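Engineer: need the 3D shape of this:
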Amino acid sequence: MQSFRKIYNRMLTAHQESDRKSLISSISSSDRLVAVRGARGIGKTIFLLTYAVRNITARPDQIQYVTMNYLFFAGHSLYDFARKFYQEEGGKILLVDQIYKYAKWRDDLYRIYMDMPNLRVIFSTSSVVTEEELGPELQGRVRIINLQGFSFRQYLNIKYGLHLKSYSLKELMERHEEIAAEVMNQVKPKEDFELYLTEGYYPPVEDNPLSSAKLTKNINMMLEVDVVYVHQVDISYLPKMRELLFQICTQDKPTANVTRFARSIGTSRATIANYLKYLDDAELIRTIYKEGNEYPKKPDQIFPNDTNIAGVMYPHRQSTCMRLKTFLLSQFENAGYQVNVPEKLGADFIVEGEHLFACVDGKTSRFKSEVTYAFSNLLVGHDNCLPIWLFGFLY
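Structural biologist: Take a look at the predicted model:
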């Protein structure tokens, strides 16, 4: 236990604070099992360590961090480790990183829950591990926290040490001119917005933006390790999955033409449907539907998960229009809003079944009163025309 304590203390000394303070604060002392779920590079380890720092009591040894990358767990069970920490050390909070790499994680978590009523376990897992993957014993007992990439607001706060607040969609639509003016008193959003679209979605590493090489490595690890391990995909199929991801990230329109994808990649429509689900679970793409439709039906539109991923797949290849739509969709969904493909022409998205939105790159002479327009070239909006960067303040 002492060797783990030394590693944990070194990590605490070196760690950077997470900008997910509201999420960290939302974890209640009554939450006995908490899953912190997210893609690679999204900041799960930093989240766990920040939680530890903010919950250290008079007895710091009551909190312990471990990762399932430790070879120790190849020959020892998580349950036995937790029991020793609980019974001999008086442990209260066990932080377990990358738990899905431990084969018996479901069984051991359930046994810990049943046998150690005063021990809380907060664990990180891949975005590929969905709620259904928890199994019947853990469903309903685990609180799930989905870590999303940074919003434009969070990016600005980290970069400049600011405390800019977030707004609901209703507030943005009603007070956008006032809010934009308040933000512009502290930052000049135009140049920073372009940087955010390229490098700002993923948390920085040691105060430097996540490099293209590191993001590319994370994408490959998501495919080669997370998707393959969780979904038991034969590794020989990975080239086709990569090719599908590339095609999605470089197409000019969010087309969900499964037949074309299947023909181009040389596989069946059913296999493409499975690959789309795997990529969506891995948070490498986003699939959206017309109202009333959902998985397992074919999606109506497909986007890259975020503009950073699209950028590293083929720099400068994604059209400006697709880039803006990808950004807008990511901010809506990450803020918790339901987004669908509208039936009406002249809008890109319908949000919460009632608000129509369209992205505009430049000028348009075709305004509809029922549509809210997100302009790429506005700093401050007017009427139903908003600067697109302002949607980065939804969370």
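Engineer: distance check, the residue at the greatest distance from the centre of the chain against Q62.
Structural biologist: Going by CA atoms, centre = their mean, the residue of the chain most distant from its centre is E88, 36.9 Å out. According to CB to CB, to the nearest Å, E88 stands 12 Å off from Q62. For glycine as for every other residue, the C-beta is placed from the backbone atoms N, C-alpha and C.
Engineer: partner residues bridging S126?
Structural biologist: Under DSSP bridges, the beta-bridge partners of S126 are G38.
Engineer: which residues touch it?
Structural biologist: R37, G38, A39, R40, Q98, Y100, M222, D226, V230, A282 (CB atoms under 8 Å, 6 or more residues apart in numbering).
Engineer: the fifth one contacts N69, correct?
Structural biologist: What it means is Q98. Yes - assessed by CB atoms under 8 Å, Q98 is found in contact with N69 at 6.1 Å.
Engineer: of these two, give the one with the bigger neighbour count.
Structural biologist: Neighbour totals were compared for Q98 and N69, and Q98 leads with 21 against 11 (other CB atoms under 10 Å).
Engineer: buried ones in stretch 260-270?
Structural biologist: F261, A262, I265, T267 (16 or more other CB atoms under 10 Å).
Engineer: just the ones of these in strands?
Structural biologist: Per DSSP state E, strands hold no members of those.
Engineer: dump these to a markdown table, plus distance to L48.
Structural biologist: Shown next, in a markdown table, are those (distance: CB to CB, whole Å):
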| residue | distance to L48 |
| --- | --- |
| F261 | 37 |
| A262 | 40 |
| I265 | 38 |
| T267 | 38 |
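Engineer: remind me what the helix or strand harbouring I145 packs against, helices and strands.
Structural biologist: Here I145 is covered by strand 142-146, with elements defined by DSSP states H and E. Judged by 3 or more CB pairs under 8 Å, 6 or more residues apart in numbering; DSSP states H and E, strand 142-146 is in contact with strand 33-38.
Engineer: where does pLDDT dip in the stretch 1-150 of the chain?
Structural biologist: Along the stretch 1-150 of the chain, the model assigns pLDDT under 70 to residues 1-19, 58.
Engineer: so which residues of it form helices?
Structural biologist: 2-14, 21-26, 44-54, 78-88, 105-115 (DSSP state H, counting those that start in this stretch).
Engineer: just checking, what packs against the shortest one?
Structural biologist: Applying 3+ CB pairs under 8 Å, 6+ apart, one finds that helix 21-26 contacts helix 44-54.
Engineer: list the buried residues in the helix it packs on.
Structural biologist: Neighbour counts over helix 44-54 (16+ other CB under 10 Å) mark K44, T45, I46, F47, L48, L49, T50, Y51, A52 as buried.
Engineer: angle of it against strand 142-146?
Structural biologist: Helix 44-54 runs at 120 degrees relative to strand 142-146, counting by axes from the mean of the first three to the mean of the last three CA atoms, to 10 degrees.
Engineer: just want the angle from helix 44-54 to strand 33-38.
Structural biologist: Using the same axes, to 10 degrees: helix 44-54 against strand 33-38 is 140 degrees.
Engineer: for helix 44-54, output the C-alpha coordinates as PDB.
Structural biologist: Coordinates of each C-alpha in helix 44-54 appear next as PDB, following Å, rounded to 0.1, in the frame of the first residue of the first chain:
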ATOM      1  CA  LYS A  44     -10.300  11.800 -16.700                       C
ATOM      2  CA  THR A  45      -7.100  11.400 -14.700                       C
ATOM      3  CA  ILE A  46      -6.900  15.100 -13.900                       C
ATOM      4  CA  PHE A  47     -10.600  15.000 -12.900                       C
ATOM      5  CA  LEU A  48      -9.900  12.200 -10.400                       C
ATOM      6  CA  LEU A  49      -6.800  13.900  -8.900                       C
ATOM      7  CA  THR A  50      -8.600  17.200  -8.600                       C
ATOM      8  CA  TYR A  51     -11.400  15.400  -6.800                       C
ATOM      9  CA  ALA A  52      -8.800  14.000  -4.400                       C
ATOM     10  CA  VAL A  53      -7.300  17.400  -3.700                       C
ATOM     11  CA  ARG A  54     -10.700  18.900  -3.000                       C
END
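Engineer: understood, closing this out.
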